[in-house]
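J.: Generate coordinates for the sequence data below:
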Amino acid sequence: MTKLWADLETFSAVPITHGTHAYAEGAEVMLFAWALDDEPVQVVDEANGEPRPALLVEAIRDPGVTVVAHNSQFDRTVLRHTGTEIALARWYDTMVQALAHGLPGALGALCDILGVDQDKAKDKAGKALIQLFCKPRPVSSKLRRATSKTHPVEWARFVSYAGLDIEAMRAVHKKLPEWNYRGEELDLWRLDQRINDRGFKVDLDLAEGAMRAVKLEKAVLASRTQEITDGNVQAATQRDVLLRYLMEECGLDLPDMQQSTLERRINDPALPVELRELLAIRLQASTTSTSKYKKLVNGVSSDGRLRGTLQFDGASRTGRWAGRLFQPQNLPRPTLKQAVIDDGIEALKANCADILFDNVMELTSSAVRACIQAPEGKRLVVADLSNIEGRTLAWLAGEEWKLQAFRDFDAGTGADLYALAYAKAFAVTPEDVMENKHSGDGIMRQIGKVMELMLGYEGGVGAYLTGAATYRIDLAAMAAAARPGIPGDVWAEAEAFVEWRQSRKLGLLGLSAEIFMVCDSLKRLWRRNHPRTVSLWRDLAEAAVMAIVTPGKVVPCRALKLRRDGAWLRVRLPSGRFVCYPCPQLDDGKLSYMGVDQYSRKWARLKTYGGKLAENITQAVARDVLAHGMKNADADGFEIVLTVHDEIITEAPDTEDYDAQRLASCMTHAPEWAAGLPLAAAGFEAYHYKKD
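T.: Numbering: from 1, shown residues only. Modelled structure (predicted):
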């Protein structure tokens, strides 16, 4: 099949940071670099009136020609807005091809990783020329736009450099596998592109009202900060200045400005009232989620819809979707009840939120979801897969008692799984746990929840700490509640572990010995009750080692198959897709591979272990379940506008025919490869998106 390689150089007055679709509405194509198959690259200077050659025009029109681009959504969208429509089914994306196999998407990074020769000097010069010609000149410049007329020498170089990316793209494509970017996965990517092209309706009145309220409130908070500090701190958002003031003027030495740290000190009655107020102001003023409103307003297309908010295969290795623009995968959890949020939305639109609400920043943070709204004549139908990771892990491990517990709960005859987790660990009944929830402080179920959500991937005390912070559990209160029920032999093991850590000066993660031992005991109790899961961690690590040292040999592990092919360790999932680990390696028996370090964001060697492999694989399988549900929903007439984690958000006719139960049915109709995996989903219908 003939391939048309394409790469555009474009100009738009709208910054690309506002998103491809907003950018493309005012874009013009300046240079069109192209090539057919392995033929020489040509560049059409459209900015100066050069027509597209007949061979290029014919390739664009020919339905049998595949159009290949790197980040094709950009090229496809710009071409559509400038009058050239090419059917989505004809496109192929080398960036997505890379992401689908655990590699970064940036073309330059791929060239470095894959050993594709690049003239670094030319590449650097080309990027400088893009900065010169592809966007308006700085405000301070008298010249508003650079062109071939104003910079003829630079333009000539720009034209000569324009084809470099196609050369790199072709070389990268030849070196990349296609295991995860063909067949059903290619079809799924096309569904993803339709979802991104559709976008969702934005309540601009709410977004703009929230922006006004935030601006006003920040000024009020800054003024009060200046009053409290006698002008030493101009705004509580000045982190270092505020820390220095607290230390030097107030004698308060804070280790950081994290929410948990500030909340703890705000509730400390020993601190002066004004000092506690200052910390509360810092907490309000540093609410970053309010910046999402600006992203929404800047990114909408002229029809009021925000598009391009999902990145297919954006989460490394697992294939899950990542968020773009206003980051829908990272929306803040509301701290206000929905009825209060609903009243607050009207107050924000009416510019009176500061009169009705003491904490405007909390309101705007809680209300950001509501900016996603249904267009006239439709409503949002939303459904969420219930504990899909917990169910998938139990299914992969063959933890039969737990699978049955999920089935019983779904049927209405079984216990809440978080209550059951605590009950099994502490030899009480689930009814006792639920009684504690309804008539006590609910600490039992909270402990069970963190055990369930944080300990399934070989995590220990550190993982439990993360979970406790996420769900705001007072660790001292938890330890006091849990300690009496911990069996003596488990406590003895925890004590021995603490002694071992202390003898090696490893520390206790900032915890007292008592709290550390309680967390460690909870880990041990969870593992006792999940023998098949614990053995899955070990089996996966052993299978990975065996696959690495015996290239080309398939190593089975439960429902999975592992094999090393050249520079790749592949884990075949039940769906037929692969989790890919580039450049696997063993160092003194320890597993590692190459990937993007989540902290440095650089390509580096990453260590892994059985529990981490289980996490990657579980999340990948859960993604495949969600993808199957998306296909079902799309085929059933639901117009998907967004996915957030395990939730599908759709637009549907405002009739009783399309409801959350029908969408949930699409999502829980298990694929053939997932026989025995218990699925459940629930949701709601609304005119504005919310946290159910």
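
J.: which residues of the stretch 251-400 of the chain fall in strands?
T.: Taking DSSP state E, counting those that start in this stretch as the criterion, the stretch 251-400 of the chain carries its strands at 305-306, 310-311, 322-323, 372-373, 378-385.

J.: between those strands, which one is nearest to Leu663?
T.: strand 378-385 (4.3 Å; C-beta to C-beta). No exception for glycine: its C-beta is placed from N, CA and C like everyone else's.

J.: Quick check: can you name the pairing partners of the closest one and their directions?
T.: If you go by DSSP bridges, strand 378-385 pairs up with strand 647-653 (antiparallel), strand 681-686 (antiparallel).

J.: Distance of the closest residue to Cys111 other than its chain neighbours relative to Pro104?
T.: With sequence-adjacent residues excluded and distances taken as C-beta to C-beta, 6 or more residues apart in numbering, Cys111 is closest to Gln118, at 4.9 Å. Between Gln118 and Pro104 the distance is 15 Å, computed by C-beta to C-beta, to the nearest Å.

J.: These two: which is more packed in?
T.: Ranked by neighbour count (other C-beta atoms under 10 Å), Gln118 and Pro104 place Pro104 first, with 19 against 15.

J.: Export the strands of the stretch 251-400 of the chain to TSV and append columns for distance to Ile648 and mean pLDDT.
T.: Below are the strands of the stretch 251-400 of the chain laid out as TSV (distance: least, C-beta to C-beta, whole Å; pLDDT from 0 to 100):
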stretch	distance to Ile648	mean pLDDT
strand 305-306	17	98
strand 310-311	12	97
strand 322-323	15	94
strand 372-373	13	97
strand 378-385	6	98
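
J.: With mean neighbour count as new columns, can those strands be given to me in TSV?
T.: TSV is the format used below for the strands of the stretch 251-400 of the chain (neighbours: other C-beta atoms under 10 Å):
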stretch	mean neighbour count
strand 305-306	22
strand 310-311	22
strand 322-323	18
strand 372-373	24
strand 378-385	24
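
J.: To Leu206, which of those strands lies closest?
T.: Evaluated with C-beta to C-beta, those place strand 372-373 nearest to Leu206, the distance being 8.1 Å.

J.: Generate CSV for the strands of the stretch 251-400 of the chain, with distance to Asp75 as supplementary columns.
T.: Compiled in CSV, the strands of the stretch 251-400 of the chain are given as follows (distance: least, C-beta to C-beta, whole Å):
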stretch, distance to Asp75
strand 305-306, 20
strand 310-311, 16
strand 322-323, 20
strand 372-373, 27
strand 378-385, 31
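
J.: Tell me which of those strands lies nearest to Arg501.
T.: The nearest among these, by C-beta to C-beta, is strand 322-323 at 36.3 Å.

J.: who does that closest one touch, helix- and strand-wise?
T.: Strand 322-323 is packed against strand 310-311, with contacts defined by 3 or more C-beta pairs under 8 Å, 6 or more residues apart in numbering; DSSP states H and E.

J.: Okay, now the sheet partners of the strand it packs on, with direction.
T.: Counting by DSSP bridges, strand 310-311 is paired with strand 322-323 (antiparallel).

J.: now what about the strand it pairs with, what contacts it?
T.: 309-311, 314-315, 329-330 (C-beta atoms under 8 Å, 6 or more residues apart in numbering).

J.: returning to that earlier point: with mean pLDDT and distance to Trp491 as added columns, please give the strands paired with strand 378-385 in CSV.
T.: Shown next, in CSV, are these (pLDDT from 0 to 100; distance: least, C-beta to C-beta, whole Å):
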stretch, mean pLDDT, distance to Trp491
strand 647-653, 97, 40
strand 681-686, 97, 39
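
J.: do you know which of those strands lies nearest Ala394?
T.: strand 681-686 (17.0 Å).

J.: picking up where we left off before, which one of the strands of the stretch 251-400 of the chain lies closest to Phe200?
T.: Per C-beta to C-beta, nearest to Phe200 of the strands of the stretch 251-400 of the chain: strand 372-373, 5.2 Å.

J.: Give the other helices and strands that that closest one contacts.
T.: Packing partners of strand 372-373 (3+ C-beta pairs under 8 Å, 6+ apart): strand 200-202.

J.: Sheet partners, orientation included, of the strand it packs on?
T.: strand 305-306 (antiparallel), strand 372-373 (antiparallel).

J.: Quick one: those strands as a markdown table, columns for distance to Gly683 too.
T.: Formatted as a markdown table, the strands paired with strand 200-202 follow (distance: least, C-beta to C-beta, whole Å):
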| stretch | distance to Gly683 |
| --- | --- |
| strand 305-306 | 21 |
| strand 372-373 | 14 |
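
J.: Quick one: the strands in the stretch 401-550 of the chain, in order.
T.: Using DSSP E, counting those that start in this stretch, strands in the stretch 401-550 of the chain do not occur.

J.: Now Trp189: closest residue in space that isn't a chain neighbour?
T.: Phe312 (5.2 Å).

J.: same check, this time on Leu283
T.: Leu262 (5.0 Å).

J.: pretty sure the one you found is touching Gln284, no?
T.: No. Contact status for Leu262 versus Gln284: not in contact, 10.2 Å apart, counting by C-beta atoms under 8 Å.

J.: Look at Thr655 and say how many residues are nearby.
T.: Thr655: 10 surrounding residues under other C-beta under 10 Å.

J.: Name the nearest residue to Ala513, ignoring sequence neighbours.
T.: Val498 (5.5 Å).

J.: list the contacts for the one you found?
T.: 508, 513, 516-517, 520.

J.: could you measure the residue nearest to Leu283 against Ala468, distance?
T.: Leu262 sits 17 Å away from Ala468, going by C-beta to C-beta.
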